[in-house]
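Q: Quick one: sequence and predicted model below, then my questions.
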Amino acid sequence: MAANRPLVMGVLNVTPDSFSDGGLYQDVDAAVAHGLRMRDEGADIIDVGGEATNPWAQGVPASEELARVLTVVERLAAAGVTVSIDTVKAEVARAAVAAGARIVNDVAGGRFDPQMVSAITELTTRGDVTYILGHLRGRSLAEVFADEGLPAWRDVAADLATRLAAFPAEVHAHVWIDPGIGFHKGGDPERGLERIRHAGDIAAAVGRPIVIGASRKRFLRRLLEADQPGREHDTLALDVATVAACLGAVNAGANVVRVHNVALLRAALAVYTKL
C-alpha cells in the first residue's frame, strides 16, 4: 500500500551554536539562499531558528534572536516560501508572524514563556497561523537536560494532551504536536525509536497532526556507533540514518518530518510513497 507523502520541513538555523549547522548560515544572504535552495529541493516549509536548543547552547535575549531571524523570515516569505519560526518566545513569535511566518514552532509547548498561550491565541484567531506544540519537561533548557528522564510514548501523549488543554479550545484546530525527540530523552536509541514507531498512536491519542524531528539527533549517531564501533560517521551517514527514521515515521503515521537534508529525503519519499 502506498504511503501518503508527509510535509517536509527544512531546517534553517541562523545561529552560531546549533548542534549540526551552527555558524553556517549566520549571514542573511547565505541563510536566504539556503532556504530557497531547500524550497527548490522540495521542502514544503522552511523552519527558521535564531536560538539553539541543544545541551551546550547559550540562551539569547529576544532582541538578539529577532536580529538574527527577522530579515531572513521577511525575505523568504516575500519569495513565496511557507516559513516557520522556531522559537520559545512569544515576542519573537509575534514579530516573525508579522514579518510573514505562518507557523510557530515552539519546542517548549509554551512552558518557557508564560505569554506564549495568549500570543498563540491571538495569532491563530486573527489569521491562518499554525502552532507546533513541542514536548519537554522543565521550565528551562537547563532543567530539561539536567533530568534526562525517559518517559514512554503514552506518557508523552498524555503530557501533550495536558499541555494542549492549556490553550483555548478555539486554538486546538491550529495545533500540530511534536513528541520532542532528543529533549530530556537523551541519546537513548530505544526511546527515540519508540516515538517514531508510535508517531501515529501519539497523534491519535492527542487528536492532532504530528511532526517528527529526528534529523541528525544523538540517538541516530549512537545507533550508527553500535552498528560499527570505532568508525567515524560523517554528516552524510547521519542524513541517511535520518531518512530511514523519517520513512519509519511516515509508515507509523507522521504528518510532517523535519530534516536538514531535504533533497535526500525527497528522493527517498519519491519511491517510498509509491510502494
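A: Cool, got the structure. Numbers count the residues shown, from 1 in each chain.
Q: Please, which helix or strand holds N105?
A: Taking DSSP states H and E as the criterion, N105 maps to strand 103-106.
Q: just the helices in the stretch 1-150 of the chain please.
A: In the stretch 1-150 of the chain, the helices defined using DSSP state H, counting those that start in this stretch lie at 28-41, 62-78, 90-98, 116-126, 141-146.
Q: Count the residues that sit near G35.
A: G35: 26 surrounding residues under other C-beta atoms under 10 Å. C-betas here are computed from N, CA, C, even on glycine.
Q: contacting residues around it?
A: By C-beta atoms under 8 Å, 6 or more residues apart in numbering, the contact set of G35 is 10, 12, 46, 48, 72, 76, 81.
Q: what's the most distant pair in these?
A: Farthest apart among the contacts of G35 by C-beta to C-beta are G10 and V72. That separation is 12.8 Å.
Q: Just the strands from the stretch 101-250 of the chain, written as ranges.
A: 103-106, 130-134, 175-178, 211-212 (DSSP state E, counting those that start in this stretch).
Q: average pLDDT for the longest one?
A: Summarised as a single mean, pLDDT over strand 130-134 is 98.
Q: what packs against it?
A: If contacts are counted by 3 or more C-beta pairs under 8 Å, 6 or more residues apart in numbering; DSSP states H and E, strand 130-134 sits against strand 103-106, helix 116-126, helix 153-164, strand 175-178.
Q: that older thread, which one of the helices of the stretch 1-150 of the chain has the lowest average pLDDT?
A: Across those, the lowest-scoring stretch is helix 141-146, with a mean of 66.
Q: ok, residues contacting stretch 65-77?
A: Residues external to stretch 65-77 that are found in contact with it (C-beta under 8 Å, 6+ apart): 12, 14-15, 26, 28, 31-32, 35-36, 39, 46, 48-51, 83, 85, 87, 89, 91-92, 95-96, 99-102.
Q: And A108, how close does it get to T121?
A: Plainly put, A108 is 16 Å away from T121 if you go by C-beta to C-beta, to the nearest Å.
Q: Out of those two, name the residue with the larger neighbour count.
A: Neighbours of A108 and T121, each counted by other C-beta under 10 Å, are more numerous for A108; the result is 24 against 16.
Q: On the pLDDT front, check the nearest residue to the more buried one once chain neighbours are set aside for me.
A: Once flanking residues are discounted, A108 sits nearest to V88: 4.4 Å by C-beta to C-beta, 6 or more residues apart in numbering. Note for V88: predicted pLDDT of 96.
Q: go on, E148?
A: pLDDT, E148: 60.
Q: Q26 too?
A: 73.
Q: Next up, the contacts around it.
A: So Q26 contacts 14-16, 68 (C-beta under 8 Å, 6+ apart).
Q: List buried residues within those residues.
A: 14-15, 68 (16 or more other C-beta atoms under 10 Å).
Q: for the residue nearest to A108, what are its contacts?
A: Applying C-beta under 8 Å, 6+ apart, we find V88 in contact with 51, 53, 106-108, 112-113, 116.
Q: and of the residues you listed, the nearest to V250?
A: Distances from V250 to the contacts of V88, taken by C-beta to C-beta, are shortest for V107, at 21.3 Å.
Q: was I right about the closest one contacting T53?
A: Yes - assessed by C-beta atoms under 8 Å, V107 is found in contact with T53 at 5.7 Å.
Q: where do the contact lists of those two overlap?
A: Common neighbours of V107 and T53, counting by C-beta under 8 Å, 6+ apart, are 88, 183.
Q: Go through the protein and flag its longest strand.
A: If you go by DSSP state E, the chain has its longest strand at strand 7-13.
Q: mind saving the C-alpha coords of that one as CSV?
A: Extracted in CSV, the C-alpha atoms of strand 7-13 (Å, rounded to 0.1, in the frame of the first residue of the first chain):
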residue,chain,number,x,y,z
LEU,A,7,5.0,17.6,4.5
VAL,A,8,8.8,18.2,4.6
MET,A,9,10.1,20.9,6.8
GLY,A,10,13.7,22.1,6.1
VAL,A,11,15.9,23.2,9.0
LEU,A,12,17.5,26.7,8.7
ASN,A,13,19.4,27.7,11.8
